[in-house]
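Give me coordinates for this.
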Amino acid sequence: MNSSRHAAIRSAAPALVVGLRLAIGGLTALLAAVLAVWGLVAIRVARRVVTPAQREADTHIVDLDTAAQTITLTRTPDTVLPGRYGLFTSGTESYLKLGSVLSEDEATVKRKLLTHVGADTRLQRDAAFSGWYYDSPDQLHLPYSSELIGSALGPCPAWLFPAGDGDVWAIQIHGRGTDRTECLRAVPVFEALGITSLLVSYRNDGIGPRSRSGTYALGAAEWRDVDAAIGFARRRGARRIVLMGWSMGGAIALQTALSSAHGDLIAAIVLESPVVDWRVVLHYQAQLTRIPQPIAGLALSALRSSWGTGLTGADAPIPFDRLDVVARSGELRHPILILHSDDDGFVPSDASHDLVVARPDLVTLQVFDTARHTKLWNYDQERWTRAISDWLRAQGLTSDASGGSAA
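Presented below is the predicted three-dimensional model:
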């Protein structure tokens, strides 16, 4: 009895071993396939971070009433915001200025048109909501000139708005996936204080020169073009510089302040919805787009590693430690004003709050709510203007003794 049972077990053993081997092999292949998919997704995510973004439709035009001069859009967290905004369109108009919300329901928002459209206007359905408002420097009705600023990669086009005695200049730095037009909203604020404005471009932004790869360095390289702009201002007679950065432009402004050869000229920094620590932003974006944490971690590893540059297309690894200004807060030397909404929706305000805690002696934070990313001027122009003007006056950074008011 026992001998026959042992014989049966011996005869079954090879089959069991083969089955286990097949099962282990299958699981290994499955795991390898999962890891391969994760790797491909992670590389795609990483590549998207450093690739200059193209404007994408984020709302749809439901109705255009040319008689009443109103437009109805699909409802989004942005299109429902109070204030003045812009809308990128296609058809017989490429850009429209939008006024206040007239009515809304669960699906749509009707807004007043501030750009007059004729009865023959025809627009495509897809549109992109914008905080720009002004889409041309001519719309400010202020004197300006187009300039070329020489940088290591080539000329960077800029707009120069002279004001005051030329002693104080504000160099404005736009954010990711946009251009210097984004900064036009702030020009009247500086002009009223007698501060000259220089709105700059930088490498790979679609206007400035292109690097070998054409990708962003998230501030780690772009600051050099801003440093060239400070040199340009110095040669034109500037004695004090205010850096103003919007979104990724905030990261660039901070890197400029930490690394510039013209640091003695920098007197203050103003940041609108800034990136202060890229890792905070990227983890937030991963959660927002429901990217699993392991994939987000792989994407960060690819971005910061030499082995990842060939896969992401970047010129060099992204030095996240160097871009973390909260960790480097002890190196800061210039007073900083931050304007950030806790309802930003794209760049969380956490790192801005952390920077105030780290350097309360240098950093002032104006916290907004409701307003979304880089739309603080649009949402509450009066408060936004007053916050910047009062702070700059307190720093002694004005050439206008009369202290005029911005339009």
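
Isn't S146 up against W159?
Yes. S146 is within contact range of W159, at 6.3 Å (criterion: Cβ atoms under 8 Å). C-beta here means a position set from N, CA and C on the backbone, and glycine is covered the same way.

Who has more neighbours out of the two?
Legend: neighbour count by other Cβ atoms under 10 Å for S146 and W159, higher for W159 (21 against 9).

Find the helix or strand that the more buried one is a member of.
Using DSSP states H and E, the element containing W159 is strand 154-161.

What pairs with the helix or strand just after that strand, parallel or antiparallel?
The helix or strand immediately downstream of strand 154-161 is strand 168-173, counting by DSSP H and E. Using DSSP bridges, strand 168-173 pairs in its sheet with strand 196-200 (parallel), strand 240-246 (parallel).

could you dump these to TSV with mean neighbour count and mean pLDDT?
Below are the strands paired with strand 168-173 laid out as TSV (neighbours: other Cβ atoms under 10 Å; pLDDT from 0 to 100):
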stretch	mean neighbour count	mean pLDDT
strand 196-200	28	98
strand 240-246	27	98
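
can you list those in TSV and add distance to L362?
Formatted as TSV, the strands paired with strand 168-173 follow (distance: least, Cβ to Cβ, whole Å):
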stretch	distance to L362
strand 196-200	23
strand 240-246	14
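
Between strand 196-200 and the strand holding W159, find me the angle.
With axes from the mean of the first three to the mean of the last three Cα atoms, to 10 degrees as the basis, strand 154-161 and strand 196-200 are set at 150 degrees to each other.

So which elements touch strand 154-161?
Applying 3 or more Cβ pairs under 8 Å, 6 or more residues apart in numbering; DSSP states H and E, one finds that strand 154-161 contacts strand 145-151, helix 187-192, strand 196-200, helix 223-235.

What's the end-to-end length of stretch 280-300?
Taking Cα to Cα, to the nearest Å, the first and last residues of stretch 280-300 lie 11 Å apart.

Enumerate every residue touching L258.
By Cβ atoms under 8 Å, 6 or more residues apart in numbering, L258 lies in contact with V325, R328, E331, L332.

Can you tell me which of the residues you listed is closest to L271?
Using Cβ to Cβ, V325 is the member of the contacts of L258 that sits closest to L271, with 10.0 Å.

Now do the closest one, the pLDDT please.
Note for V325: predicted pLDDT of 98.

separation between it and D343?
According to Cβ to Cβ, to the nearest Å, V325 and D343 sit 22 Å apart.

Look at those two and report which has more neighbours.
Applying other Cβ under 10 Å to V325 and D343 shows that V325 carries more neighbours, namely 27 against 16.

Quick one: the helices in the stretch 301-407 of the chain, in order.
For the stretch 301-407 of the chain, applying DSSP state H, counting those that start in this stretch gives helices covering 306-312, 320-323, 350-358, 376-379, 381-394.

what's the closest of these to A261?
The closest of the helices of the stretch 301-407 of the chain to A261 is helix 320-323. By Cβ to Cβ, the value is 17.0 Å.

In that closest one, which residues are buried?
Neighbour counts over helix 320-323 (16 or more other Cβ atoms under 10 Å) mark F320, L323 as buried.

mind checking how far that helix is from the chain centre?
Its chain's C-alpha centre and that of helix 320-323 lie 17 Å apart, by Cα atoms, centre = their mean, to the nearest Å.
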